[in-house]
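After the sequence you'll find the predicted model.
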Amino acid sequence: MNSEKKTATTLEDIKINVKIKLSALWITVMSSYIYNDIFDLYKPGEMAHIMAGNMGPFPTTQGALLTAMILMTIPTLMIFLSLTLKAQANRWTNIIVGILYIVVAISNVIGEVWAFYIFGNIVQVLLLLLIVGYAWKWPKQEA
């Protein structure tokens, strides 16, 4: 006769607040942007293209660099804003910015032939869709 009792155990699964999920997704989106841009530097001829004063298909100007900086500052700020904005403003900010950056990610692959870059942008679109989805389905509480 076996006197040992077997007890069933389950792994603890803590519910994560939607604000933390959104912030973590924005961090992941930013990481993907960074890796895509770093790997882009390794394409043959890219460094010569940059040294010749070009940034992608555009000439490198103060305006082009400022535009790129603004474009990347917004998702960087979303990491913080997702944690600190009040729920209603947070929800709509994530939905609107998420949709805008889906458009950015899709426009970045127009004419692109490098598989890593296309893959990276597909991942970005999927992450941004998660952001929009989590914000859209923001949990409600009774007043």
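Received the coordinates, thanks.

centroid residue for the chain?
Residue closest to the average C-alpha location in the chain (CA atoms, centre = their mean): Val29, at 2.0 Å.

if I look at that one, how far off is Met47?
To Met47, Val29 is 26 Å away according to CB to CB, to the nearest Å. Any C-beta I mention is one placed from the backbone N, CA and C, and that applies to glycine too.

now Pro139
48 Å.

Repeat that for Val103.
Distance, Val103 to Met47, by CB to CB: 29 Å.

Please identify the helix or strand for the residue nearest to the centre of the chain.
helix 18-40 (DSSP states H and E).

Please name every helix or strand in contact with the helix or strand following that helix.
Next along the chain after helix 18-40, taking DSSP H and E as the criterion, comes helix 46-51. Under the contact criterion of 3 or more CB pairs under 8 Å, 6 or more residues apart in numbering; DSSP states H and E, helix 46-51 touches no helix or strand at all.

Next, count neighbours for the nearest residue to Asn36 once chain neighbours are set aside.
What sits nearest to Asn36 in space, not counting adjacent residues and going by CB to CB, 6 or more residues apart in numbering, is Gly120, at 4.0 Å. Close neighbours of Gly120, defined as other CB atoms under 10 Å, add up to 22.

Any regions of the protein where pLDDT drops low?
Applying pLDDT under 70 to the chain flags residues 1-6.

which residues of it fall in strands?
Using DSSP state E, the strands found in the chain span residues 54-55, 58-59.

Tell me which of those strands sits most buried.
Stretch with highest mean neighbour count among the strands of the chain: strand 54-55 (a mean of 14; mean count of other CB atoms under 10 Å).
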